[in-house]
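Chemist: have a look at this prediction, sequence included:
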Amino acid sequence: MKSISSLHNKNIKQLLQLQEKSRTRRKEGLFVVEGLREINLAIAAGYMFTEIYTCPELFSAEHIPHINTSNATLINISQEVYQKIAYRNSTEGIIGVAKNKPHLLSAIELPENPLILIAEAPEKPGNIGALLRTADAANVDAFFIANPRTDLYNPNIIRSSVGCVFTNNIAMASSAEIIAFLKEKNINIYTAILQEAKNYTNQNYKEASAIVVGTEADGLTDEWRTAATQNIKIPMEGKIDSMNVSVAAGILIFEAKRQRNN
């Protein structure tokens, strides 16, 4: 097994570039995954790893049989190197470099009467991570990002999603492309927009449905408003008329799940 103890090693320099720069991730088609749980979730989702770095002082050898390294190069790193490249202190001393996926809309396969969660132009990694966790918790059939602004493989998204970036059926495309996809497949579109909206509990989500949320700052574009089967709203009883996008998405998507489970 190869060993690295220098912070100036070319592999370590590349890993840091992949962590810090979305341009490098796009150019190389690679990204960094930190932590045993996240790596195992990525492997289960079919991601291919090129390198697996472990710190012997922190990584228990008993975990090695549970990691399908496939064609990955296994590399031991010193504790000093690990502390330099690790985002978190509780990731068991293991970091991997994996090949990304294109997340094309054309590659999405849906069951009959699918339930889809869609977020238009989410930008904050923490919000995207929370949306991915919500999508996973509800076990939606797909999660679409319309007009994406942020690299899906940003380390902060992977961390805040606790690996749910690997457990969801994800596609990214323009709003126009996603709307056309939904129309073609006769999927009802329920948009979280206040104008001309009806209470979210008064809709029927048992048929093929997509629930669409926008950013807290800008909401959804008019493109979604005109395409909607129905605009829906969550009644607000406080002093403000908005809430965190992932909270709103959770309320809406779990109402749909409630109806489908009854």
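Modeler: Yes, it's here. Residues are numbered from 1 along each chain as shown.
Chemist: quickly find the element holding residue 212.
Modeler: strand 209-213 (DSSP states H and E).
Chemist: okay, buried residues for the helix or strand just after that strand please.
Modeler: Note on strand 209-213: by DSSP H and E, the next helix or strand toward the C-terminus is helix 222-227. By neighbour count on 16 or more other C-beta atoms under 10 Å, the buried set for helix 222-227 is 223, 224, 225, 227. In short, each C-beta sits where N, CA and C put it, glycine included.
Chemist: for the third one, list the residues it contacts.
Modeler: Contacts for residue 225 (C-beta atoms under 8 Å, 6 or more residues apart in numbering) come out as 191, 193, 195, 196, 231.
Chemist: so which of the residues you listed belong to strands?
Modeler: The strands, defined by DSSP state E, take in 191, 231 from the contacts of residue 225.
Chemist: just the buried residues of the contacts of residue 225.
Modeler: 191, 193, 231.
Chemist: what comes up buried for stretch 23-35?
Modeler: Under the neighbour-count criterion of 16+ other C-beta under 10 Å, stretch 23-35 has 25, 28, 30, 31, 32, 33, 34, 35 buried.
Chemist: from these, which two are the most distant?
Modeler: Greatest spacing in the buried residues of stretch 23-35, by C-beta to C-beta: 28 and 35 (21.0 Å).
Chemist: what segments of this protein are strands?
Modeler: Counting by DSSP E, the chain has strands at residues 2-4, 30-34, 49-54, 73-77, 94-99, 115-120, 142-146, 170-173, 188-192, 197-199, 209-213, 230-233.
Chemist: how about the nearest residue to residue 108, chain neighbours excluded?
Modeler: The shortest distance from residue 108 to any non-neighbouring residue, by C-beta to C-beta, 6 or more residues apart in numbering, is to residue 171 (4.9 Å).
Chemist: nope, residue 147 is what I was after
Modeler: Closest to residue 147 by C-beta to C-beta, 6+ apart is residue 121, at 4.5 Å.
Chemist: count of residues packed around the one you found?
Modeler: Neighbours of residue 121 under the rule other C-beta atoms under 10 Å: 17.
Chemist: cool, and residue 8?
Modeler: 7.
Chemist: list the contacts of it.
Modeler: With contact set as C-beta under 8 Å, 6+ apart, residue 8 has no partners.
Chemist: in the stretch 51-200 of the chain, which ranges drop under the pLDDT threshold?
Modeler: For the stretch 51-200 of the chain, the stretches with pLDDT under 70 are 61-70, 89-91.
Chemist: do you know how far residue 203 is from residue 228?
Modeler: Distance from residue 203 to residue 228, counting by C-beta to C-beta, to the nearest Å: 11 Å.
Chemist: next, show the common contact partners of those two.
Modeler: Taking C-beta under 8 Å, 6+ apart as the criterion, residue 203 and residue 228 both touch residue 190.
Chemist: contact partners for residue 79?
Modeler: Residue 79 touches 55, 57, 58, counting by C-beta under 8 Å, 6+ apart.
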